[in-house]
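Colleague: make a model of this:
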Amino acid sequence: MRKPHILVCDDQLGIRNALRLILENSYTLDFGQNGKDAVDYLRTKEADLLIMDIKMPQKNGIDALTEIKKMKPQQKILIITGYESYDVATEAIRAGANDYLTKPFEREMVQQKVAELLS
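Modeller: Sure, this is the predicted structure:
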């Protein structure tokens with residue numbers, strides 16, 4: 001049976017590695033370092049879920065999210081942010097994110113959100 005495919009884009013190696021450890025047994029993973037990587041990847045490939053940071057160099061998560069949703073309106077996106085701010089989360093949801101997580105995150109919360117979005 002095919003494992004769901006997740007694209008993770010975050011400029012922090014530690015976050016990418018944490019998500020790899022949490023998700024690698026249940027999902028096929030690919031990684032990018034910024035919003036530009038996410039947009040470029042999804043132009044030519046598919047992912048069942050995109051997990052993406054908001055504050056990144058080159059192209060931030062909100063700009064990438066807006067561009068991806070125009071290109072692939074059905075793309076499922078989970079935003080992660082270090083800003084425990086209602087405003088940032090609200091902006092991400094308005095731009096088309098399906099849900100959000102705040103950093104630091106718990107293993108169980110990541111697994112729960114991902115499972116909900118992929119069900």
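Colleague: quick one: contacts for the residue nearest the centre of the chain?
Modeller: Geometric centre of the chain, nearest residue: Ile51, 1.2 Å, by C-alpha atoms, centre = their mean. By C-beta atoms under 8 Å, 6 or more residues apart in numbering, the contact list for Ile51 reads Ile6, Leu7, Val8, Cys9, Asp10, Leu19, Ile77, Leu78, Ile80, Val114. In short, each C-beta sits where N, CA and C put it, glycine included.
Colleague: looks to me like it is in a strand.
Modeller: Yes: counting by DSSP: H, G, I helix; E, B strand; the rest coil, Ile51 is part of a strand.
Colleague: among the contacts of Ile51, which are in strands?
Modeller: Using DSSP state E, the members of these that fall within strands are Ile6, Leu7, Val8, Cys9, Ile77, Leu78, Ile80.
Colleague: which among these end up buried?
Modeller: For the ones in strands among the contacts of Ile51, a burial check counting by 16 or more other C-beta atoms under 10 Å picks out Ile6, Leu7, Val8, Cys9, Ile77, Leu78, Ile80.
Colleague: any chance of those in JSON lines, plus pLDDT and distance to Ala97?
Modeller: Shown next, in JSON lines, are these (pLDDT from 0 to 100; distance: C-beta to C-beta, whole Å):
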{"residue": "Ile6", "pLDDT": "98", "distance to Ala97": "15"}
{"residue": "Leu7", "pLDDT": "98", "distance to Ala97": "14"}
{"residue": "Val8", "pLDDT": "98", "distance to Ala97": "15"}
{"residue": "Cys9", "pLDDT": "97", "distance to Ala97": "13"}
{"residue": "Ile77", "pLDDT": "97", "distance to Ala97": "5"}
{"residue": "Leu78", "pLDDT": "97", "distance to Ala97": "7"}
{"residue": "Ile80", "pLDDT": "91", "distance to Ala97": "10"}
